[in-house]
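[1] got a predicted structure here, sequence first:
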Amino acid sequence: MDSLDIVLIFQDLKDTFYRCFIVEDRWKWLVEGFGKSLVITFFAVLIGLVCGVLLAAIRSSYDKNEESLRMKGGFGFWGLRFLNTVSKVYITVIRGVPVVVQLMIWYFVILVSQKNDVIIAVFAFGFNSAAYVAEIFRGGIMAVDNGQFEAGRSLGFNYIRTMKNIIIPQAVKSTLPTLLNEVIALLKETSVAGYVGIMDLTKAGELIVGRSFESFMPLIAVAIIYLITVIVLTKVFTAIERRLRRNER
C-alpha cells in the first residue's frame, strides 16, 4: 500500500464522517439521544431501587418471620402473606415478559394518553428493574446474619428501624457489584426505546444510517458511546465500593 492509497483511505473516511455527522448537524442527534438514554436510565434506576427495596423487604420479612408470625396469627401474618404473594406474582410476571413488550404495553395501553414519551420509558424500565433489584436485595438481606436483627432489638429498634439502620446498609454493601450489573443492563436495555419512537441513542444512530446510507461509522459511534459510559459507571461504583470498605475499617 503506497502513500496515495493511504491518502485516499483517509479522504474516504473524512467524507464518510462528514456525511454521517456534519451534514444537517446529525451529530446533535447522537447528543440528544444520549441525553434521553441517560435521563431514562437515571430515573428508572431510582424507581427500581425504591420499589425493589420495598419488595425485597416484604419478601425477606416473610421468609425470615413466617413461622413466628404463623404461630401468632392475626392480621399481621395474613397481611404480610398477602403482600408477599403479590410481590412474588409481580416479580414472576415482570421477569417473565420481555422488556420491549412491557414498554409497548406502557406506551400503547397503560399510559396511552401521556404525551411525554420519556416519562413512559422511565416507568416501563423502572418497574421492570424493580423486579430484578428486589431479588438482588432479597439475597443480600437473607445473607445478613440473624444476630444483626437481635442486635437491633437490643438497641431498642423496632423491625422497621432495624431494617433501615442495620440490615439494608449491610445488604447494600454486599450487593453493590450486582447492582452495578443491573444499572449497566438497564442502560443497555434503553436501546429498545426506539420501538415506540423514542429518540434514544440507538434510535439516533439508526436515523443517521437511514439518512447517510452509511452503517459502519454511525453504529460504531453508538457502540463507543455506550462502552465509554459503562466504563465510567464501573469506575464510579468501584470508587463507592472502596469508600464503603474504608468506612468499615
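    Now that the structure is in, tell me what you want to look at. Just so you know, these numbers come straight off a predicted model, no measurement behind them.

[2] from here on, contacts and neighbour counts on C-alpha atoms
    Will do.

[3] show me what the longest helix along the chain is packed against.
    If you go by DSSP state H, the chain has its longest helix at helix 27-72. On a contact count with 3 or more Cα pairs under 8 Å, 6 or more residues apart in numbering; DSSP states H and E, helix 27-72 meets helix 74-96, helix 117-143, helix 168-189, helix 201-212.

[4] in what helix or strand does Phe17 lie?
    helix 3-17 (DSSP states H and E).

[5] list the buried residues of that helix.
    16-17 (16 or more other Cα atoms under 10 Å).

[6] quick one: contacts for Ala143?
    Ala143 makes contacts with Ala171, as judged by Cα atoms under 8 Å, 6 or more residues apart in numbering.

[7] how about low-confidence regions in this protein?
    In the predicted model, the chain carries pLDDT under 70 at residues 1-2, 4-5, 66, 69, 73, 247-249.

[8] related to what we said a few turns ago, what does the helix holding Phe17 contact?
    Here helix 3-17 makes contact (Cα under 8 Å, 6+ apart) with 214, 217.

[9] report the distance from it to the chain centre.
    Mean-position distance between helix 3-17 and its chain equals 41 Å (Cα atoms, centre = their mean, to the nearest Å).

[10] of the helices and strands packed on helix 27-72, which is nearest Ile110?
    Between Ile110 and the helices and strands packed on helix 27-72, the tightest spacing by Cα to Cα is seen for helix 117-143, at 9.1 Å.

[11] now the closest one: buried residues?
    Neighbour-count burial for helix 117-143, counted by 16+ other Cα under 10 Å, picks out 117-142.

[12] ok, stretch 39-59 next?
    Neighbour counts over stretch 39-59 (16+ other Cα under 10 Å) mark 39-49, 51-59 as buried.

[13] try stretch 208-223
    Using 16+ other Cα under 10 Å as the test for burial, stretch 208-223 gives 208-209, 212, 214, 217-219, 221-222.

[14] and which of those residues is nearest Val230?
    Each of these was checked against Val230 using Cα to Cα; the closest is Val222, at 12.5 Å.

[15] nearest to Lys235, of the helices and strands packed on helix 27-72?
    Lys235 lies closest, by Cα to Cα, to one member of these: helix 168-189, at 10.3 Å.

[16] any chance of TSV for the buried residues of stretch 208-223, columns distance to Phe21?
    TSV is the format used below for those (distance: Cα to Cα, whole Å):
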residue	distance to Phe21
Ile208	8
Val209	10
Ser212	9
Glu214	11
Met217	9
Pro218	8
Leu219	12
Ala221	10
Val222	12
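
[17] mind picking the two most distant members of these?
    It's Ser212 and Val222 that sit farthest apart of the buried residues of stretch 208-223, by Cα to Cα, at 15.1 Å.

[18] measure stretch 208-218 end to end?
    Taking Cα to Cα, to the nearest Å, stretch 208-218 runs 7 Å from one end to the other.

[19] just to revisit the earlier point, ok, the buried residues of stretch 208-223 vs Ile198, which is closest?
    Using Cα to Cα, Ile208 comes nearest to Ile198 of those, at 14.8 Å.

[20] the closest one: what's it in contact with?
    Contacts of Ile208 (Cα under 8 Å, 6+ apart): 20-21, 26, 214, 218.

[21] could you redo the last one with a cut-off of 7 Å?
    Contacts here follow Cα atoms under 7 Å, 6 or more residues apart in numbering; on that basis Ile208 touches 20, 26, 218.

[22] one more: Arg19?
    Ser212.

[23] if I look at it, how far off is Tyr62?
    59 Å.

[24] how many residues are close by the closest residue to Leu201 other than its chain neighbours?
    Residue nearest to Leu201 in three dimensions, not counting chain neighbours: Gly33, with 4.0 Å by Cα to Cα, 6 or more residues apart in numbering. By the other Cα atoms under 10 Å criterion, the neighbourhood of Gly33 contains 22 residues.
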